[in-house]
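S.K.: my questions concern the predicted model and sequence given below.
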Amino acid sequence: MTPLIELRNVTRSYGKGEAEVRALDGVNLTIAAGEFVAIMGPSGSGKSTAMNIIGCLDRPSSGQFLFKGAELQGLNNDQRALIRRNYLGFVFQGFNLLPRTTALENVELPLIYKGIAPEARLSVARAALAKVGLQGREGHDPSQLSGGQQQRVAIARALAGNPSVILADEPTGNLDSHRSHEIMLLLQALNRDEGITIVMVTHEMDIAAYANRLVVFTDGLITGDSPVKVAA
Amino acid sequence: MLWETVRLAFRAIIRNKLRSFLTVLGVVIGVAAVIAMVTVGQGSSAQVSANVASLGTNVLVLRPGRQTMGPGPREDAPQFTLRDAEALSDLTVAAAVAPTTTTAATVVFGGANRSTQITGSTAGYLAASNWQLAKGRSFSEAEERGGAAVCIIGETVRQSLFGAGDPVGQAIRVKSVSCTVIGLFSPKGAGSFGQDQDDIVLMPIRAVQKRLEGKDDVERITVALKKSVTAERGTRDIQNLMRDRRRIGIGKDDDFSVTNMAEIASMLTSINSVLTGLLSSVAAVSLLVGGIGIMNIMLVSVTERTREIGIRLAVGATSGQVLTQFLVEAVVLSVLGGVIGIALGLALAYGASQFMTIPFAPQVSVVALAFCFSAFIGVVFGFFPARRAAKLDPIDALRHQ
Ligand SMILES: Nc1ncnc2c1ncn2[C@@H]1O[C@H](COP(=O)(O)OP(=O)(O)OP(=O)(O)O)[C@@H](O)[C@H]1O
Ligand SMILES: [Mg+2]
């Protein structure tokens, strides 16, 4: 079976000449559909850079990135936007909800760009909010929600687009440990019950423990890749 | 999708009421200025045309002294006499002749008084200047010849002296002369220069010469030509006659002028349209400045909303969709400003028309043009900020604080 995500000898460098920084220095990584991968590593080791490439927000300087077996190097920005729209969901450390916009409208956002009719959009968005346990909060602004609730809205927004993959860069970085575990249980359930592939960056071992597989980055290289044994 | 975008734009505008208002203020003022200028200009053109009609198109005015334009002393030339006027009325081209002299005076009736213009002329004045009588009668021949102390008054004078009362048959005092009102003119309204034409007291010219001024001057002679006579032919016949009467040798210039009132009116019309054009272009420049104001705020808005743009790009918006969103927002804003400006401009024009007593002449084409132009401003000045938004890199935009 073709893997969902495949990085082949991917490099990504910033700057030129003397000032060149190699954020990724030849990364090979294969992720199959249905996996729950945690990425760890010291600060500056290239985790976010790799996530951006997998998320079709950035391109490798060299090497290949294959999504569902297809090489994406030649795609233009709009074609990448279509891949994000149809297959990917993002969860960010800072939640990244639109301010002064209700939870429901935030979740509707990807559906608007998918061109889904207003009534269908509403029911999909409501269902997504219900799935993350936020029924009854549809009309709340982000400013009226706790951090954990905001992150749930963000997960609902990622879910609404019916993605194959959810990319989460430090999703619990701004949450206390109690909320963090709630969010992780939610992600774990989505992976287990809906079969959504999850790739997550984290700095905490007990968060990484929710995944099935742990990938370790050091200085732009993968220096560890093993199944996670400890169940939470 | 576009409707969706328009809806979103409205939401964004309402979310920031004060800023949106300040953003469109320039467009509001620009559009209002253009609409007001053009509407008032049209109104005063209509007024000038109405005045042309009220003058009568076929009227020539003779003045002593050479034709001069603008300021500067008129050269000394002999005055006209009443005999000149009689000679002119014998011309076949003349339908009516009105020798005229004017003087300022205070008129009094009971406790009321008014400073006004006393016009001395003949019954021919009514025909030559297109006056109608609302009440009473014109001068009799005997009154004209004898310089009787009688007068016909205009509506403005009637109002200030008599209020609601009937003036005909009453005696008013003009300077120290007691003068019987024998007629009342139908109102004419404002003249080409905005003057009140109804502020008039007409007396027989001999009465003004003898009783008020004490000299025999005739300031001007107005000649209404017969309908079939062209202004050129009338002018030529009058010039020939007057040169003869004033003994001007061959090869010498006229020492009097003959002015065609229709020409003056058309000159006024063109001055009016030039002025309107000029003021409108000044207003159009302010509209342009308003557009730049929109661009300015939209650019700030793009910077402020960088993170929002990043989020939209991450969830799958194409750069075209981001471009459309910001463009639509700019267009909705400027069209909103345009609509407010149109309303404001029409209100201003209405007020000005009332004040200047000219017709209120709003024009659908001008309003439609202003509307389209404000949308156009939105597209032009919204495009640059929108393109900047669309060109943002999603990673940079998401990282923006
Ligand atoms: N836009 C950029 N321009 C220049 N250098 C960059 C840029 N983005 C990342 N880098 C560099 O690339 C390297 C990897 O950055 P990256 O953000 O991937 O690290 P990370 O593993 O996510 O770190 P953290 O755990 O702190 O989030 C760093 O040295 C960083 O300075
Ligand atoms: Mg990072």
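M.R.: Structure received. Here the structure is a predicted model, which is why all the values come from computation and not from measurement. Ligands and ions are numbered 1, 2, ... in the order given.

S.K.: skip the chain neighbours and tell me the closest residue to the residue nearest the centre of chain A.
M.R.: Central residue of chain A (Cα atoms, centre = their mean): A:L167, 1.1 Å from the mean position. Of all residues not flanking A:L167 in the chain, A:G55 sits nearest, at 4.9 Å (Cβ to Cβ, 6 or more residues apart in numbering or on different chains). C-betas here are computed from N, CA, C, even on glycine.

S.K.: got the residues of the stretch 101-250 of chain B near chain A?
M.R.: Contacts of the stretch 101-250 of chain B with chain A, taken as Cβ under 8 Å from any Cβ of the partner chain, are absent.

S.K.: in the stretch 101-250 of chain B, where is pLDDT below threshold?
M.R.: The model of the stretch 101-250 of chain B has pLDDT under 70 over residues B:191-194.

S.K.: and the residue nearest to the centre of chain A, bridged to which residues?
M.R.: Note on A:L167: beta-bridge partners A:F90, A:V199, judged by DSSP bridges.

S.K.: returning to that earlier point: got phi/psi on the residue nearest to A:L167?
M.R.: Dihedral angles of A:G55 (phi, psi; degrees, to the nearest 10) stand at phi -80, psi 10.

S.K.: what's the neighbour count on it?
M.R.: If you count neighbours by other Cβ atoms under 10 Å in any protein chain shown, A:G55 ends up with 22.

S.K.: okay, it and ligand 1: tell me how far apart.
M.R.: As judged by Cβ to the nearest ligand atom, to the nearest Å, A:G55 and ligand 1 stand 12 Å apart.

S.K.: not counting its neighbours along the chain, what's nearest B:K227?
M.R.: Nearest residue to B:K227, sequence neighbours excluded (Cβ to Cβ, 6+ apart): B:N58, at 6.8 Å.

S.K.: I'd assumed A:Q93 was in contact with the residue nearest to the centre of chain A.
M.R.: No: contact criterion Cβ atoms under 8 Å: A:L167 and A:Q93 do not qualify, at 11.9 Å.

S.K.: which parts of chain A sit against ligand 1?
M.R.: With the criterion set to Cβ under 6 Å from any ligand atom, chain A comes near ligand 1 through A:14, A:21, A:23, A:41, A:43-49.

S.K.: the residue nearest to B:K227 contacts B:A231, correct?
M.R.: Yes: counting by Cβ under 8 Å, B:A231 is a contact partner of B:N58 at 6.6 Å.

S.K.: how about the stretch 301-401 of chain B: which residue is closest to chain A?
M.R.: B:G316 (2.5 Å; Cβ to the nearest Cβ).

S.K.: okay, now that residue: neighbour count?
M.R.: Other residues near B:G316 number 27, with proximity taken as other Cβ under 10 Å.

S.K.: next up, the contacts around it.
M.R.: If a contact means Cβ atoms under 8 Å, 6 or more residues apart in numbering or on different chains, then B:G316 has A:81-82, A:84-86, A:88, A:110, A:113-114, A:161 as its contacts.

S.K.: which of these are buried?
M.R.: With burial judged by 16 or more other Cβ atoms under 10 Å in any protein chain shown, the buried subset of the contacts of B:G316 is A:81-82, A:84-85, A:88, A:110, A:113-114, A:161.

S.K.: the residue of chain A found nearest chain B: what secondary structure?
M.R.: Nearest to chain B, among the residues of chain A, is A:R85, at 2.5 Å (Cβ to the nearest Cβ). Following DSSP: H, G, I helix; E, B strand; the rest coil, A:R85 is assigned to helix.

S.K.: which helix or strand in chain A has the lowest average pLDDT?
M.R.: Ranked by mean pLDDT, DSSP states H and E, the weakest helix or strand in chain A is strand A:70-71, scoring a mean of 90.

S.K.: what does it contact?
M.R.: Residues contacting strand A:70-71 (Cβ under 8 Å, 6+ apart): A:64-65.

S.K.: for stretch A:130-142, same thing?
M.R.: With Cβ under 8 Å, 6+ apart, stretch A:130-142 has contacts from A:95, A:97-104, A:106, A:125-126, A:129, A:145, A:149-150, A:152-153, A:155-156, A:159, A:186.

S.K.: now narrow these to whatever sits close to chain B.
M.R.: Counting by Cβ under 8 Å from any Cβ, A:97-100 from the contacts of stretch A:130-142 sit close to chain B.

S.K.: out of those, which two sit at the greatest distance?
M.R.: A:L97 and A:R100 (10.0 Å; Cβ to Cβ).

S.K.: between those two, point out the one with more neighbours.
M.R.: Taking other Cβ under 10 Å, A:L97 and A:R100 do not tie; A:L97 has more neighbours (25 against 13).

S.K.: helix, strand, or coil at the more buried one?
M.R.: coil.

S.K.: grab the nearest non-local neighbour of it.
M.R.: Spatially, and ignoring its direct neighbours in sequence, A:L97 is nearest to A:P142 (4.3 Å; Cβ to Cβ, 6+ apart).

S.K.: got a pLDDT number for that neighbour?
M.R.: In this prediction, A:P142 carries a pLDDT score of 95.

S.K.: same check on A:F65?
M.R.: Note for A:F65: predicted pLDDT of 95.

S.K.: also B:E75?
M.R.: Note on B:E75: pLDDT of 60.

S.K.: circling back to that earlier point, mind listing what the least confident helix or strand of chain A pairs with, with the direction of each?
M.R.: Applying DSSP bridges, one finds strand A:70-71 paired with strand A:62-67 (antiparallel).

S.K.: can you give me the offset of the partner strand from its chain's centre?
M.R.: Here the centre of strand A:62-67 is set off from its chain's centre by 18 Å, with Cα atoms, centre = their mean, to the nearest Å.

S.K.: and the longest strand for chain B?
M.R.: Longest strand in chain B by number of residues (criterion: DSSP state E): strand B:94-109.

S.K.: toward the C-terminus from that strand, list the very next helix or strand.
M.R.: strand B:112-121 (DSSP states H and E).

S.K.: now do that following strand against strand B:94-109, angle only.
M.R.: 160 degrees (axes from the mean of the first three to the mean of the last three Cα atoms, to 10 degrees).

S.K.: not counting strand B:112-121 itself, show me its contacts.
M.R.: Strand B:112-121 is contacted from outside by B:98-107, B:125, B:156-157, B:160-163, B:174, B:199-209, B:212, using Cβ under 8 Å, 6+ apart.
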